[in-house]
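Participant: Sequence and predicted structure below; questions after.
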Amino acid sequence: MVDINRRGVLTLGAALGLATVVNPSAAWSWSPAASIAGTGAGVDPQWVWDDDIDRIMASVIDNGQVPAVNNAIGPWVNNNHPIPSGLPPELAAFLTDSAKLPTWANMTKLRRAADFNRRKDSYLFFIYGIGGGIMSTVIPREARSVYWSKGGADMQDRAAKTFTFGYDLSDLNAFEPSGQFLVTSNKTRMVHAAVRHMLPQSPYWKAVADEQIPISNADILVTFHSTGTFAHKKMKEWGVRMSAADEEAFLHSWQVALHMLGVRDEYIPATWAAAHAQAAQVLTPILAPTPEGKVLAEVLLGLTAQIDLGVTRGFLNEFARYQLGNDIGDWLGLKRDYVSAGVIKAGWPAYVAFREGLIPIMPTTFRVFDQFIKAIAMAFLNNGGSGTTTPITIPDMNRPGV
């Protein structure tokens, strides 16, 4: 794998003063009146983290308890599983309270969202896997946090764990007792807390970071907009059929997911209009290339190309460009394949139209797109086709190696 020279990062970061930059984005102005809480203090979410679990996980790491915690949470999978024994008492108490749906969660909407996800899974796998996955590499804070944390050294494993989160959220039983999302979201919340404790100790991350502590509420909202809000936008653009109730349910599942990740309710959009307005402020203006993001994008597309998808690397590049635009494609240096671009431009609308029942004749490119999407999903979810899902574990170090 291509690596970034660490001495060069430190020297460049010091020379440019990157570690002293506070916030390159515009001042927070999104109103809490547009949130599910309907009110709030209006504090910029980039200064809000997850205080209780942050303090608990810092203690777990500093006391060398990560291996014991990982052993304890390994068998903890389904929503109806009891909180594992063998955890530090304070962590067990936190999980007992946090591994529950918020009081405002609506099971009728969540079940409708699960059915919607089942019906639209082909689009969602494609959007989350290639669109959101590659977009994450041009979100500077996310790219730097991923690259310099432990997960950045094994992107196939990191991608599989990220995809596990999305898959469990989209599963038909996601919020049912037999589902897994309540557990998966809490494991992810623990991982975030661990990274927040460890990354500020990395001189390499500090040399390029424009924040003192990663994965703030604002950072999690940005990730939501690069996945859930982006998916909603793309499905609307492509003419995917969604009733008003479907759209509301789909948003509600993400509202619950954000709450489960520790985002304050005053920051969680109440409507899709509010979500898109928030995304226009916190996501769109910050997209930019970074050395870390370019490496991560190459690794993600490279490992995808290693799976037998029946398509070329040029086809993958053009699919990324099709979703994200040529500016991002150029930032990442994605080589053009104009033949594939033509196939996608002509074939994808026909593929969507046929799946939505808008045209009676199956397009000739149907099988290519269908197999491609399914293979992407299984490549990430099943750890490169090994047939086993990748468990979410707590990291105990930053990026290893030199």
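Facilitator: Noted; the coordinates are in hand. Numbers count the residues shown, from 1 in each chain.
Participant: What does the pLDDT read for residue 126?
Facilitator: Among the per-residue scores, residue 126 holds a pLDDT of 84.
Participant: Kindly report the same for the one 5 residues further on.
Facilitator: The model reports residue 131 with a pLDDT of 91.
Participant: Tell me how many other residues crowd it.
Facilitator: When neighbours are defined as other Cβ atoms under 10 Å, residue 131 has 22 of them. Every residue, glycine included, has its C-beta placed from N, CA and C.
Participant: With adjacent residues omitted, what lies nearest to it?
Facilitator: Spatial nearest neighbour of residue 131, excluding adjacent residues (Cβ to Cβ, 6 or more residues apart in numbering): residue 323 at 4.0 Å.
Participant: Surely that neighbour forms part of a helix?
Facilitator: Yes. When DSSP: H, G, I helix; E, B strand; the rest coil is applied, residue 323 is found to be in a helix.
Participant: wait, doesn't it sit right on residue 130?
Facilitator: Yes. Look at residue 323 against residue 130 with Cβ atoms under 8 Å: they come within range, at 6.3 Å.
Participant: Show me the common contact partners of those two, please.
Facilitator: Counting by Cβ atoms under 8 Å, 6 or more residues apart in numbering, residue 323 and residue 130 have no contacts in common.
Participant: now the residue most central in space within the chain, nearest residue through space, not along the chain?
Facilitator: With distances taken as Cα atoms, centre = their mean, the chain has residue 223 as the residue nearest its mean C-alpha position (5.4 Å). Leaving out its chain neighbours, the residue that sits closest to residue 223 by Cβ to Cβ, 6+ apart is residue 142, at 6.5 Å.
Participant: Need the three-state assignment for the one you found.
Facilitator: helix.
Participant: where does it sit relative to residue 292, distance-wise?
Facilitator: For residue 142, the distance to residue 292 (Cβ to Cβ, to the nearest Å) stands at 10 Å.
Participant: Could you double-check that residue 104 lies in contact with residue 38?
Facilitator: No. Here residue 104 lies out of contact with residue 38, judged by Cβ under 8 Å, at a distance of 10.9 Å.
Participant: for the chain, what are the low-confidence residue spans?
Facilitator: Judged against pLDDT under 70, the low-scoring parts of the chain cover residues 1-26, 155-156, 160-161, 163, 303-310, 375, 377-390, 401-402.
Participant: Let's see that with 80 instead.
Facilitator: 1-26, 153-164, 166-167, 302-311, 371-390, 401-402 (pLDDT under 80).
Participant: domain assignment for it?
Facilitator: Under the assignment automatic domain parsing, the domains of the chain span 43-286, 291-381.
Participant: Most tightly packed of those domains?
Facilitator: Of these, the one with the most neighbours on average (mean count of other Cβ atoms under 10 Å) is domain 43-286, at a mean of 19.
Participant: Just checking the distance from it to the centre of its chain.
Facilitator: Distance of domain 43-286 from its chain centroid, counting by Cα atoms, centre = their mean, to the nearest Å, is 6 Å.
Participant: got the end-to-end distance for it?
Facilitator: 19 Å (Cα to Cα, to the nearest Å).
Participant: Stretch 353-371 too?
Facilitator: First residue to last in stretch 353-371 (Cα to Cα) measures 17 Å.
Participant: what comes into contact with it?
Facilitator: Residues outside stretch 353-371 that contact it (Cβ under 8 Å, 6+ apart): 122, 239-241, 309-311, 343, 346-348, 350-351.
Participant: Let's have those in JSON lines, adding distance to residue 113.
Facilitator: Listed next are these as JSON lines, based on distance: Cβ to Cβ, whole Å:
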{"residue": "122", "distance to residue 113": "17"}
{"residue": "239", "distance to residue 113": "20"}
{"residue": "240", "distance to residue 113": "15"}
{"residue": "241", "distance to residue 113": "16"}
{"residue": "309", "distance to residue 113": "28"}
{"residue": "310", "distance to residue 113": "31"}
{"residue": "311", "distance to residue 113": "31"}
{"residue": "343", "distance to residue 113": "33"}
{"residue": "346", "distance to residue 113": "32"}
{"residue": "347", "distance to residue 113": "29"}
{"residue": "348", "distance to residue 113": "25"}
{"residue": "350", "distance to residue 113": "28"}
{"residue": "351", "distance to residue 113": "24"}
